[in-house]
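A.B. asks: sequence and predicted structure, then a few things I'm wondering about:
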Amino acid sequence: MKNPPKGRRTLGFLLRESSRLLRRRFVHHAKRTGLGLNRSEASLLLQVYYEPGIKQVGVATMLDMETISVVRLVDSLEEAGLIERRLLATDRRVRTLWLTPAGEEAAAKVRAITDIVRAEALAGFSDAEREQILDMLLAIRGNLQAAGETADIDSEVA
């Protein structure tokens, strides 16, 4: 779909379609390498890799998932020996997430696959263009976050 019809040449459609294709390419490469994790498990594993000790509720927010869904994923990854839960020293009701040595290895495989998919997605772009794309996406995210915060403030005032 090089030149989509006008109704499909929109920010929302192209972001959603690109995201869908990125996920499909990840699954393709994960199957080829025998990763043994689904997309949700791989995403959760990476969140813990990038933020060791993250709270379960923080993962739910980052992945835009219900807390109960995250708990189930963590259960699965814990049973597989990839993640461990630890109680927070200052609040024993809160559980933090940590990778096990096997989880570190699995996260390395996930990162290698994401590197391949990223290279496929950005093929043909110069380093400067790649940085420009990322800068624009960061600006879009910032705009939407600011608009959301403004809307939250407006609803509190009303």
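C.D. replies: Noted; the coordinates are in hand.
A.B. asks: rest of the way, CA atoms for contacts and neighbours
C.D. replies: Will do.
A.B. asks: and the helix or strand containing residue 105, what's buried?
C.D. replies: Taking DSSP states H and E as the definition, one finds residue 105 inside helix 101-121. Under the neighbour-count criterion of 16 or more other Cα atoms under 10 Å, helix 101-121 has 103, 104, 106, 107, 109, 110, 113, 114, 117 buried.
A.B. asks: now, among these, which is nearest to residue 72?
C.D. replies: residue 103 (16.7 Å; Cα to Cα).
A.B. asks: wait, isn't the closest one in contact with residue 83?
C.D. replies: Yes. Contact criterion Cα atoms under 8 Å: residue 103 and residue 83 qualify, at 6.0 Å.
A.B. asks: just the strands in this protein please.
C.D. replies: Assigned by DSSP state E, the strands in the chain fall at 54-55, 83-88, 91-99.
A.B. asks: CSV for the ones you listed, including mean pLDDT?
C.D. replies: Conversion of those to CSV gives the following (pLDDT from 0 to 100):
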stretch, mean pLDDT
strand 54-55, 92
strand 83-88, 92
strand 91-99, 88
